[in-house]
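K.L.:
sequence and predicted model, in that order:
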Amino acid sequence: MKKLKTHISTDGPVERVQRQALGESPETEPVSGQSRGSYCNSGAGMSRLGGMRAIRRKYSQSVPVVLTEMDVPGLTLARHLGRRGIPVVGLDSWRTRWTHSTRYATIAASPDLASEPRLLEELERLADSLNERPVLVPLHDDHVLFLSKHRQALARRFRFVLPPEHVVNTVVDKAQFASWCLEHDVATPATWYPDGIDSLREVADSIRFPAILKPVESRSWQDPKIGPAVGWQKAILVRDAAHLCKEFERLSVIDEHMILQEVVPGPDANLHYVVAYVAQDGTWCGGFVGRKLRTAPLHFGRGCYVESVDDPNLLSHARDIIEKLGYRGNLGLEFKRDDRDGSWKLLEINARYGLWDGFAADCGLDLVGAAYEDALGHTPQTRSGYVVGRRWVNLPDDFYAAVDYVRQGELKPAAWIASVLRPHASPNFALDDPRPGIIRLAGFVREVTRSSARVFLRNLLRLARRVVRA
């Protein structure tokens with residue numbers, strides 16, 4: 001495999017990826033007599049801007065899928081689709097990610113794709129260059145709203161399954177969804193949407209602490225401009241009214257819109273996640289239930305060690321919520337069992353694909369396949385039954401989480417080692433697609449090595465100071 005050369009071109013990111021995927025350089029002619037303006041389904045299975053290697057792989061004549069982000073969920077979807085011979089193109093606003101090295105997707109990466117007009121332009125350009133009208137899959141809340149907003153324009157070039165615009169807005173907007181839950185008697189934690197410090201102080205005395213502050217848009221705190229200020233947390237735990245006001249004043253400088261929510265008491269194992277798919281005609285295609293055993297960050301983060309479970313009552317409850325919404329397509333709902341009364345509280349709802357969809361497929365429930373069939377206009381078969389008790393680990397994240405659990409006295413090191421040594425699924429490592437896992441593991445080793453070196457030097461400096469003082 002030869003190294004691709006980095007070059008400056010007037011082409012858009014999609015055109016550059018098309019040319020690189022076909023093994024072209026800026027000066028060479030297209031291979032096999034193909035025109036520069038066409039994307040070939042039998043082209044490379046993986047490519048990336050900036051000098052990465054390209055792997056040539058022939059696809060079947062399946063309708064391609066376009067993913068709007070290539071983070072870990074995108075990698076998981078690309079693998080499940082690619083194994084079925086379905087060509088995948090991943091658009092990403094990050095120039096480099098370890099996930100870009102998968103053999104199951106062609107990557108078009110450019111910071112310009114973070115711009116809505118540019119993303120629309122590149123999507124249209126990409127669709128026009130493909131031999132088939134592709135399936136479009138949004139993997140970010142912003143992209144779900146983007147697709148809903150431009151659904152008429154994009155429907156001429158793409159296939160996708162999306163509920164009506166008002167349903168999308170209700171699900172994605174946390175304030176709207178909280179109001180909807182109140183109207184439809186769906187149990188949720190007590191929640192407030194303070195618009196300033198004065199309104200916050202008015203409700204502070206009525207709040208049952210501890211509570212959490214979190215962003216209205218769940219991933220906004222992962223922005224590099226905000227992440228360091230919140231310690232890359234998904235939520236900030238506040239102990240009392242004074243702590244709440246202090247943290248709100250500090251964070252409101254960088255994020256004016258936050259949610260205040262009571263903490264549902266109970267261990268992390270009470271956190272359950274349901275993923276389901278409802279076809280365009282309203283057919284229930286199947287649902288999956290899993291629970292979080294460990295999270296990163298601690299207690300209020302993403303699941304990094306999870307398990308598939310059988311809970312027909314919770315699945316039925318989730319199905320009732322989905323039917324009341326009139327939702328179509330893929331949906332994820334996070335619940336927590338309240339230790340005070342055993343009731344389920346709905347914490348979050350996501351109108352996009354995530355890691356749980358990939359885990360469901362690993363356990364034998366192929367909702368991804370149902371979604372693909374539905375987007376093509378075929379009647380998807382109802383999926384039921386999956387392996388119960390299977391576990392999934394995101395090892396680098398779980399390592400850091402385990403350190404925090406051990407510090408909190410909630411986990412023994414030997415118990416952590418035993419848990420990760422048992423057979424499990426992983427979003428990082430795959431025998432048929434090893435490169436992303438190897439790159440991720442190498443990065444993890446570098447991070448641990450650097451961290452250990454910093455700790456060693458810090459302790460050495462402390463010892464030297466004590467010697468000098470003595």
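P.N.:
Done, it's in.
K.L.:
avg pLDDT for the longest helix out of those in the chain?
P.N.:
The helix spanning the most residues in the chain, taking DSSP state H as the definition, is helix 434-469. When pLDDT is averaged over helix 434-469, the result is 82.
K.L.:
which other helices and strands does that helix contact?
P.N.:
Under the contact criterion of 3 or more CB pairs under 8 Å, 6 or more residues apart in numbering; DSSP states H and E, helix 434-469 touches helix 395-407. C-beta coordinates here come from the backbone N, C-alpha and C atoms, glycine included.
K.L.:
which residues sit against the helix it packs on?
P.N.:
Residues from elsewhere that reach helix 395-407, judged by CB atoms under 8 Å, 6 or more residues apart in numbering: 294-298, 301-302, 304-305, 411-413, 416, 420, 426, 428-429, 440-441, 443-444, 447-448.
K.L.:
tell me what angle that helix forms with helix 434-469.
P.N.:
In this structure, helix 395-407 runs at an angle of 40 degrees to helix 434-469, with axes from the mean of the first three to the mean of the last three CA atoms, to 10 degrees as the basis.
K.L.:
just how off-centre is helix 395-407 within its chain?
P.N.:
Centroid displacement of helix 395-407 relative to its chain, using CA atoms, centre = their mean, to the nearest Å, is 20 Å.
K.L.:
which residues belonging to it are considered buried?
P.N.:
Residues of helix 395-407 classed as buried by neighbour count (16 or more other CB atoms under 10 Å): 395-402, 404-405.
K.L.:
one more: stretch 405-417?
P.N.:
Of the residues in stretch 405-417, those scored as buried under the neighbour-count criterion (16+ other CB under 10 Å) are 405, 411, 416.
K.L.:
could you do stretch 211-229 as well?
P.N.:
Residues of stretch 211-229 classed as buried under the neighbour-count rule (16+ other CB under 10 Å) are 211-215, 217-218, 220-221.
K.L.:
stretch 376-392 now?
P.N.:
Within stretch 376-392, the residues that count as buried by 16+ other CB under 10 Å are 380, 383, 386, 390-392.
K.L.:
hmm, back to that, got a markdown table for the buried residues of stretch 405-417, with distance to Leu314 and pLDDT too?
P.N.:
Output for the buried residues of stretch 405-417, formatted as a markdown table (distance: CB to CB, whole Å; pLDDT from 0 to 100):
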| residue | distance to Leu314 | pLDDT |
| --- | --- | --- |
| Tyr405 | 25 | 95 |
| Leu411 | 25 | 94 |
| Trp416 | 27 | 94 |
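K.L.:
and which of the residues you listed is nearest Asn131?
P.N.:
Top of the list for closeness to Asn131, among the buried residues of stretch 405-417 and by CB to CB, is Trp416 at 49.2 Å.
K.L.:
which stretches of the stretch 101-250 of the chain form strands?
P.N.:
Ranges of strands within the stretch 101-250 of the chain are 106-109, 135-137, 191-192, 211-215, 236-238, based on DSSP state E, counting those that start in this stretch.
K.L.:
most neighbours per residue, which of the ones you listed?
P.N.:
Most buried of these by mean neighbour count (mean count of other CB atoms under 10 Å) is strand 106-109; its value is a mean of 28.
K.L.:
run the chain-centre distance for it.
P.N.:
Relative to the centre of its chain, strand 106-109 is centred 18 Å away, using CA atoms, centre = their mean.
K.L.:
which elements pack onto that strand?
P.N.:
In this structure, strand 106-109 packs against helix 13-21, strand 44-46, strand 88-92, with contacts taken as 3+ CB pairs under 8 Å, 6+ apart.
K.L.:
and the second one, what's its mean pLDDT?
P.N.:
In this case it means strand 44-46. Computed over strand 44-46, the mean pLDDT rounds to 33.
K.L.:
from Ala276, how far out is Gly282?
P.N.:
13 Å (CB to CB, to the nearest Å).
K.L.:
quick one: which of the buried residues of stretch 376-392 sit in strands?
P.N.:
Assigned to strands by DSSP state E, the following of the buried residues of stretch 376-392 qualify: 391-392.
K.L.:
for Ala127, list the residues it contacts.
P.N.:
Shown here is Ala127, whose contacts under the criterion CB under 8 Å, 6+ apart are 66, 133-134, 157-158.
K.L.:
as a check, name the ranges of all helices in the stretch 101-250 of the chain.
P.N.:
All helices of the stretch 101-250 of the chain, identified by DSSP state H, counting those that start in this stretch, fall at 116-129, 141-149, 151-155, 165-172, 174-183, 197-204, 241-251.
K.L.:
export these to CSV and tack on mean pLDDT?
P.N.:
Formatted as CSV, the entries for those read as follows, by pLDDT from 0 to 100:
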stretch, mean pLDDT
helix 116-129, 92
helix 141-149, 93
helix 151-155, 95
helix 165-172, 94
helix 174-183, 92
helix 197-204, 86
helix 241-251, 91
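K.L.:
of all the buried residues of stretch 376-392, which two lie farthest apart?
P.N.:
Pro380 and Arg391 (27.7 Å).
K.L.:
in three-state terms, label the closest residue to Asn350 other than its chain neighbours for me.
P.N.:
Spatial nearest neighbour of Asn350, excluding adjacent residues (CB to CB, 6 or more residues apart in numbering): Gly332 at 4.2 Å. Per DSSP: H, G, I helix; E, B strand; the rest coil, the local secondary structure of Gly332 is strand.
K.L.:
right, and Gly332 touches Gly287 too?
P.N.:
No - applying CB atoms under 8 Å as the test, Gly332 and Gly287 come out as separate, 10.4 Å apart.
K.L.:
give me the common contacts of these two.
P.N.:
A shared contact of Gly332 and Gly287, defined by CB under 8 Å, 6+ apart, is any residue touching both; here these are 274-275.
K.L.:
so which of those two has more stuff around it?
P.N.:
Between Gly332 and Gly287, Gly287 has the larger neighbour count (other CB atoms under 10 Å), namely 25 against 20.
K.L.:
who does that one bridge with?
P.N.:
Note on Gly287: beta-bridge partners by DSSP bridges are Ala276.
K.L.:
one more: the one 5 residues further on?
P.N.:
The residues paired with Lys292 through beta bridges, assigned by DSSP bridges, are Val306.
K.L.:
same check, this time on the one 10 residues further on
P.N.:
Here Arg302 sits in beta bridges with Ala296, going by DSSP bridges.
K.L.:
can you give me every residue that contacts it?
P.N.:
With contacts taken as CB under 8 Å, 6+ apart, Arg302 has the following neighbours: 234, 295-296, 355, 394, 397.
K.L.:
would CSV of those residues with distance to Met258 be doable?
P.N.:
Conversion of the contacts of Arg302 to CSV gives the following (distance: CB to CB, whole Å):
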residue, distance to Met258
Lys234, 12
Thr295, 20
Ala296, 21
Leu355, 25
Asn394, 27
Asp397, 24
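K.L.:
would you list those residues in JSON lines and tack on pLDDT and distance to Leu123?
P.N.:
Rendered in JSON lines, the data for the contacts of Arg302 read as follows (pLDDT from 0 to 100; distance: CB to CB, whole Å):
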{"residue": "Lys234", "pLDDT": "81", "distance to Leu123": "29"}
{"residue": "Thr295", "pLDDT": "95", "distance to Leu123": "34"}
{"residue": "Ala296", "pLDDT": "92", "distance to Leu123": "32"}
{"residue": "Leu355", "pLDDT": "92", "distance to Leu123": "24"}
{"residue": "Asn394", "pLDDT": "93", "distance to Leu123": "29"}
{"residue": "Asp397", "pLDDT": "92", "distance to Leu123": "31"}
